[in-house]
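Peer 1: the following comprises the amino acid sequence and a computationally predicted model.
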Amino acid sequence: MDQVIGVDIGTQSTKAVLVGRDGAILAQASRAYAPDTPRPNWAEQHADVWLDAVVACLAEVVRAVPEGDIKAICISSLYGGSGIPVDADVRPLYPCLIWMDRRAEAQVAWVRANLDLARLGRVTGNGVDSYHGFTKMLWLRDERPDVWERTALFLPPNAYVIQRLTGEIAVDHSSAGNIGGV
């Protein structure tokens, strides 16, 4: 019997479900964690917390089926705000500033003072808010130039995990559109 696995990387846990061709749920797993909040208005998560949770969930659900029956795995994830800043070897350089992080207020003020907000809205469909990843990226540029200099890519949480599992960088349209909010 052919099966597929769906994985969802969330803000507070990662969940996996193994489903048969008929839609029957054959196994489920989850691993809980919490965002780091080292200061007021900060919310970040380390990429390897997500990776470890995905690996543990996958290991648990695959024990439910004979070898070779799993035909596909899909991995989705939370809105990763800034994305995970990684170097050229896809090593994380700093935690991901997730959707609930609000540290980039100075960058929001800079954008409002220096950019054509009507054009930004037409191009992105978004307003200016520290919720959006592009303001978080600007925070990294301004406050952590050591990280900014070495950043080769900003990867959504699911793209980072997919790369670590397969060696390939693959980003779905929805996650790509979310990174940065632009």
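Peer 2: That came through fine. Residues are numbered from 1 along each chain as shown.
Peer 1: now do the strands in this structure.
Peer 2: Using DSSP state E, the strands found in the chain span residues 3-9, 13-20, 25-32, 44-45, 70-77, 84-86, 96-97, 153-155.
Peer 1: which residues of the chain score low on pLDDT?
Peer 2: Applying pLDDT under 70 to the chain picks out residues 68, 180-182.
Peer 1: specify the beta-bridge partners of Ile9.
Peer 2: Thr14, Ser77 (DSSP bridges).
Peer 1: quick check: it touching Ala159?
Peer 2: No: shown here, Ile9 and Ala159 do not form a contact pair, counting by CB atoms under 8 Å, at 10.6 Å. Bear in mind the C-beta positions are built from the backbone N, C-alpha and C, glycine included.
Peer 1: next, count neighbours for the closest residue to Arg103 other than its chain neighbours.
Peer 2: Excluding its sequence neighbours, the residue lying closest to Arg103 (CB to CB, 6 or more residues apart in numbering) is Trp42, at 5.2 Å. Neighbour count for Trp42, taken as other CB atoms under 10 Å: 16.
Peer 1: Trp42 and Asp116: what is the separation?
Peer 2: 29 Å (CB to CB, to the nearest Å).
Peer 1: swap in Arg63?
Peer 2: Distance of Arg63 to Asp116, given as CB to CB: 55 Å.
Peer 1: next: Pro156.
Peer 2: The gap separating Pro156 from Asp116 is 27 Å, by CB to CB.
Peer 1: report the contact partners of the closest residue to Glu105 other than its chain neighbours.
Peer 2: With sequence-adjacent residues excluded and distances taken as CB to CB, 6+ apart, Glu105 is closest to Ser130, at 5.6 Å. Ser130 makes contact with Asp101, Arg102, Arg103, Ala104, Glu105, Gln107, Val108, Lys136 under the criterion CB atoms under 8 Å, 6 or more residues apart in numbering.
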